[in-house]
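Enquirer: just a sequence and a predicted model for now, questions to come.
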Amino acid sequence: MPYVPHTEEQTRDMLATIGVASIDDLFADIPKHLRPKSFDLPAGLSEMEVLARMERLAAKNRTDLVSFLGAGFYDHHIPAAVDALASRGEFATAYTPYQPEASQGTLQAIFEYQTAMCRLLEMDAANASVYDGGSALFEAMMMGVRATRRTRLVVSQTLSPIYRIMLDSYTSNLNLELVTVPHKNGATDFAGMMDAVDQATAAVVVQNPDFFGNVADYTELFDHARAVKAVGVMAVYPLMQAVLKTPGAMGADIAVAEGQSLGQPLSFGGPYLGIMACTARMVRQMPGRIVGRTVDSQGRTGYVLTLQAREQHIRRQKATSNICSNQALCALRALIHVSLLGPGGLEQTALRCMELAHYAQDRLTAIPGVSRLGDGPFCNEFAVRLPVPAFEVVDRLTERGFVPGFPLGRYYPGLENCLLVACTEKHTREDIGVMAELLGGLLR
Amino acid sequence: MKTLFEQSTPCRRGACAGLTTTRATDFLPAGLVRSGRARLPELGELDVVRHFTRLSRQNFGVDGNFYPLGSCTMKYNPKFMERVAALPGFTRLHPLMAQLRGAGHHTQGALEVMYHMEELLCEITGMAGYTLHPMAGAHGELTGAMIIAAYHKAKGNKKTKVICPDAAHGTNPASAALAGFEVVSIESRDGIVDPEALRAALTDDVAAVMMTCPNTLGLFERNLPQVVEMIHAADALLYYDGANLNAIMGKMRVGDAGFDVVHLNLHKTFGTPHGGGGPGSGPVGVCEKLVPFLPVSRVRKLDDNRFVLDYDHPQSIGYMAPFYGNFGVFLKAYAYILRLGREGLVRASENAVLAANYLRKRLEGVLEIPHNRICMHEFVASAVGEALNGVRALDIAKALLDKGYHAPTIYFPLIVKECLMFEPTETESKDTLDAFVDDLIAIVRQAETDPEAVKAAPVTLPVTRLDETRAAREMVLTDDCDCG
Ligand SMILES: Cc1ncc(COP(=O)(O)O)c(C=O)c1O
């Protein structure tokens, strides 16, 4: 039997020690009428058979395409050393570091991750991660609700629609009011946001770059939020933070991010990484694990889980959150990733993505009938308006080996003709050129 | 050990340099550009490899150490699962590919995995439908509690409370609260739910009762049939915390037993590694009447055997995850289930229970065992008694670290004094268990003769006991700042 090591004789010995005649006797507490009505599962397979089957399934997914899909989730190169280091059994097969003396590796790594995220985002404190960018946003909003004892939450419609649906779902039982300020031609409506944030507002939530790829400065909005004692939350694209003005510099109280772009494969939606960082003032509102530096009984530096009085195992229903297991190994991957690239490598990568995206914009908008949606500055992603429905274009080009982008109509009624196009350092100018030519040919 | 930041040398060129000669201001107005580079480590690749290799050596993990951490099911994580999850046909798949043509035309392999995984979990637990979206156990609890809220709302019920036994894991009450419920705690009797205490708490406004079975003491809830009947008679739903499913696969199906909602911890029962605190996966299963409330998307199989993502469920609680959950995690669990099959899963539970009882029996007379009867996959001991000379559960835990074992879970559940909760799992050999018992006996003997030595443990690890009070007071949470 795979992974159960006892010989028959050992099993007999163990039963004898326990003082029962058979394994069945160990289950005597389960009443007969509760025994399974069925347990109709396939027979076990060998390792080789399982692998062959999984390879067949993997082959049924189209990963052979040149894809310009992004929308918050990007195909960046991951150095081989990330996989090699993060897959070490000492990291991968450990539990949450409840015994700090036997977990200094995990704990120091989390401490370094917290430091790296704070420096990248220019915030004071970070937690050890939450599940993903969307749950990080929810937790950030709840921090705002607790800190202000208010119930009104203002979000821009340029925040990822995927996250807005998550926020809607998560808040459905909590007597909170979620106000969405509509986008203006694919960009944040600043005047609308300023008007919506008032004395009753717990938190205001924006995303930079926004879902359409636009980059903006939210300093004024956060100043206004501070003036009315609301909490400012900004969701960012962590790789682009290598070049973009930071949430800290803009005066955000809380910065959150989907950390996928730092060393996590796309992997069909997860596991990803919810990054959360905040100002010193907000630390005690933060959910999740937090590692702090301390000393041992001999005065040596060491690391422990700290501020645990916020957490479910102590505070139960009054905890800041229900989170227990988070995405620790993904946080470790992010840390290794940024360490390998260094500040220069991150910046170069971000710039290369931007360079290619601007080339793509030039090529696409040169096609008759294709224009940019909006005109704001952008990084590696932008939206274009096509003369025909974007879904059709995507289908047709996919047949030719290219996914030219994501059709915005999926989440924004009225933008059915719009396509969201993302570039990463893995693309080449040739990829972009061929895609543009195919698109031009199609629209001709 | 020096931190990465302390090892950094300014201006060292990291990987990826030379990709472009552009500057941010070529694309963006200067006001949108960050001032100064992020102060991230500047190291060569070998420096990074060495740093993390050294860090890893300061960790215990299942691969290197017996890890009987109760409630966490630290079984061996088979290596082939890593290879499965690393197949490029999965890792390179963008989640939005399934939102393009035909809601999944380009991702048939991934959708088939999800569809079949849900079917397997339904069969293992006797539930009618599953969602794979929750990303950990607690996230599954929240999902389940939200489904419960949506169900009662749809029925027009005014139900505001959720009951949790005092032995429940902290996430249970925390999750119920996050779904908008008021939490009522009830006291256990003889280590299990007390039907009288439950009856007293089971008022009309109770939406659900959250149970763990076997419970966190490792005991089967012997009054289960009576408890189920009471709860359903009160028009409340019964929630199953599946953290302890490793005890009962093929022995009882929670759906058959009358549970309405269940979450599983794939990172416990189904062998996916815990990663030092995640990522996990916490699928939620429901009975027939709750299926309409499951999160979207759901995977549907068409008559021509193709799979599609289906969002058309008006009563759904919505999105719990941005996409389809921690795909890379449940992919491993799926491979694990295929590998073990029917027999293997039953054997896993049988041997998990065998190992726990063997360990329990061998520790009789060594430590106090408060509910000393046949247990399921884990049991609790209590570090009390004159003979221990004031040596506490914490001290025993630390002394075990010195012997190369991870400690059992300590001080949980909260209802047992000086609690030590042992969960050996089915993958540990008898030799390992015997050696562990010998070492534990030695520690207890040492407590009798030289308690101070036990209280000083650990002494063989990179650090001795750490000052947690100071950590909380000084709040040094990054290499830069002291937030206090
Ligand atoms: C009984 C029980 N319930 C729930 C949980 C929470 O699971 P997770 O850490 O995956 O969120 C745990 C984890 O330790 C547990 O032991």
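Expert: Received it, and whenever you're ready, just let me know what you need. Numbering: from 1, shown residues only, chains lettered A, B, ... in the order given.

Enquirer: helices or strands up against the host helix or strand of A:Leu51?
Expert: Assigned by DSSP states H and E, A:Leu51 belongs to helix A:47-59. Counting contacts by 3 or more Cβ pairs under 8 Å, 6 or more residues apart in numbering or on different chains; DSSP states H and E, helix A:47-59 packs against helix B:80-85, helix B:88-91, helix B:108-125, helix B:327-363. Using the backbone N, CA and C atoms, a C-beta is placed for each residue, glycine as well.

Enquirer: phi and psi next, for the residue in the stretch 51-200 of chain B that the ligand sits nearest to.
Expert: Nearest residue of the stretch 51-200 of chain B to the ligand: B:Gly137, at 2.4 Å (Cβ to the nearest ligand atom). The phi and psi torsions at B:Gly137 (degrees, to the nearest 10) take the values phi -60, psi -50.

Enquirer: so where's the stretch 51-200 of chain A uncertain?
Expert: Residues of the stretch 51-200 of chain A meeting the criterion pLDDT under 70: none.

Enquirer: where do the strands sit along it?
Expert: With strands called from DSSP state E, counting those that start in this stretch, the stretch 51-200 of chain A shows them at A:66-67, A:125-126, A:152-156, A:177-181.

Enquirer: sheet partners, orientation included, of the third one?
Expert: The strands beside strand A:152-156 in its sheet (DSSP bridges) come out as strand A:177-181 (parallel), strand A:201-208 (parallel).

Enquirer: most packed of these?
Expert: strand A:201-208 (a mean of 26; mean count of other Cβ atoms under 10 Å in any protein chain shown).

Enquirer: centre of the chain to that strand, how far?
Expert: 18 Å (Cα atoms, centre = their mean, to the nearest Å).

Enquirer: got it, and stretch A:208-216?
Expert: On Cα atoms, centre = their mean, the centre of stretch A:208-216 falls 16 Å from that of its chain.

Enquirer: can you check stretch A:366-380 too?
Expert: The answer for stretch A:366-380 is 27 Å, by Cα atoms, centre = their mean.

Enquirer: export the helix or strand containing B:Thr53 as PDB, just CAs?
Expert: If you go by DSSP H and E, B:Thr53 is part of helix B:45-56. C-alpha atoms of helix B:45-56 as PDB (Å, rounded to 0.1, in the frame of the first residue of the first chain):
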ATOM      1  CA  GLU B  45      22.500  34.200  -7.700                       C
ATOM      2  CA  LEU B  46      24.800  31.900  -5.700                       C
ATOM      3  CA  ASP B  47      24.400  34.300  -2.700                       C
ATOM      4  CA  VAL B  48      20.700  33.900  -2.900                       C
ATOM      5  CA  VAL B  49      20.800  30.200  -3.300                       C
ATOM      6  CA  ARG B  50      23.100  29.800  -0.400                       C
ATOM      7  CA  HIS B  51      21.100  32.100   1.800                       C
ATOM      8  CA  PHE B  52      17.900  30.200   1.300                       C
ATOM      9  CA  THR B  53      19.600  26.800   1.500                       C
ATOM     10  CA  ARG B  54      21.000  27.900   4.900                       C
ATOM     11  CA  LEU B  55      17.600  29.200   6.000                       C
ATOM     12  CA  SER B  56      16.000  26.000   5.000                       C
END
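
Enquirer: buried sites along that helix?
Expert: B:Asp47, B:Val48, B:Val49, B:His51, B:Phe52, B:Leu55, B:Ser56 (16 or more other Cβ atoms under 10 Å in any protein chain shown).

Enquirer: cool, and stretch B:283-292?
Expert: For stretch B:283-292, by 16+ other Cβ under 10 Å, it's B:Pro283, B:Val284, B:Gly285, B:Val286, B:Cys287, B:Leu290, B:Val291, B:Pro292.

Enquirer: distance to A:Asp83, secondary structure and pLDDT for these - can I get that in TSV?
Expert: Shown next, in TSV, are the buried residues of stretch B:283-292 (distance: Cβ to Cβ, whole Å; DSSP: H, G, I helix; E, B strand; the rest coil; pLDDT from 0 to 100):
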residue	distance to A:Asp83	secondary structure	pLDDT
B:Pro283	26	coil	98
B:Val284	30	strand	98
B:Gly285	32	strand	98
B:Val286	36	strand	98
B:Cys287	41	coil	98
B:Leu290	39	helix	98
B:Val291	38	helix	98
B:Pro292	41	helix	98
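
Enquirer: check the residues you listed and tell me the two furthest apart.
Expert: Greatest spatial distance among those (Cβ to Cβ): B:Pro283 and B:Pro292, at 17.5 Å.

Enquirer: same list (the helices and strands packed on helix A:47-59) but as CSV, adding mean neighbour count, mean pLDDT and distance to the ligand.
Expert: Output for the helices and strands packed on helix A:47-59, formatted as CSV (neighbours: other Cβ atoms under 10 Å in any protein chain shown; pLDDT from 0 to 100; distance: least, Cβ to the nearest ligand atom, whole Å):
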stretch, mean neighbour count, mean pLDDT, distance to the ligand
helix B:80-85, 20, 98, 18
helix B:88-91, 20, 98, 22
helix B:108-125, 22, 98, 16
helix B:327-363, 25, 98, 11
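
Enquirer: quick one: closest of those helices to A:Ile162.
Expert: Comparing the helices and strands packed on helix A:47-59 by Cβ to Cβ, helix B:327-363 comes nearest, at 15.2 Å.

Enquirer: would that closest one count as contacting chain A?
Expert: Yes - legend: contact between helix B:327-363 and chain A by Cβ under 8 Å from any Cβ of the partner chain is shown at B:327-329, B:331, B:335, B:337-348, B:350-351, B:353-355, B:357-358, B:361-362.

Enquirer: now do that helix: distance to the chain's middle.
Expert: With Cα atoms, centre = their mean, you get 15 Å for helix B:327-363.

Enquirer: distance of the closest residue to the ligand within the stretch 201-350 of chain B relative to chain A?
Expert: Proximity of the stretch 201-350 of chain B to the ligand (Cβ to the nearest ligand atom) peaks at B:Ala243, 3.3 Å away. B:Ala243 sits 10 Å away from chain A, going by Cβ to the nearest Cβ, to the nearest Å.

Enquirer: for chain A, give the helix that spans the most residues.
Expert: Counting residues, the longest helix found in chain A (DSSP state H) is helix A:328-365.

Enquirer: center of chain A - which residue?
Expert: Residue closest to the average C-alpha location in chain A (Cα atoms, centre = their mean): A:Glu258, at 2.7 Å.

Enquirer: before we move on, back to that, tabulate the helices and strands packed on helix A:47-59 (JSON lines), appending distance to B:Phe66.
Expert: Converted to JSON lines, the helices and strands packed on helix A:47-59 look like this (distance: least, Cβ to Cβ, whole Å):
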{"stretch": "helix B:80-85", "distance to B:Phe66": "21"}
{"stretch": "helix B:88-91", "distance to B:Phe66": "32"}
{"stretch": "helix B:108-125", "distance to B:Phe66": "27"}
{"stretch": "helix B:327-363", "distance to B:Phe66": "11"}
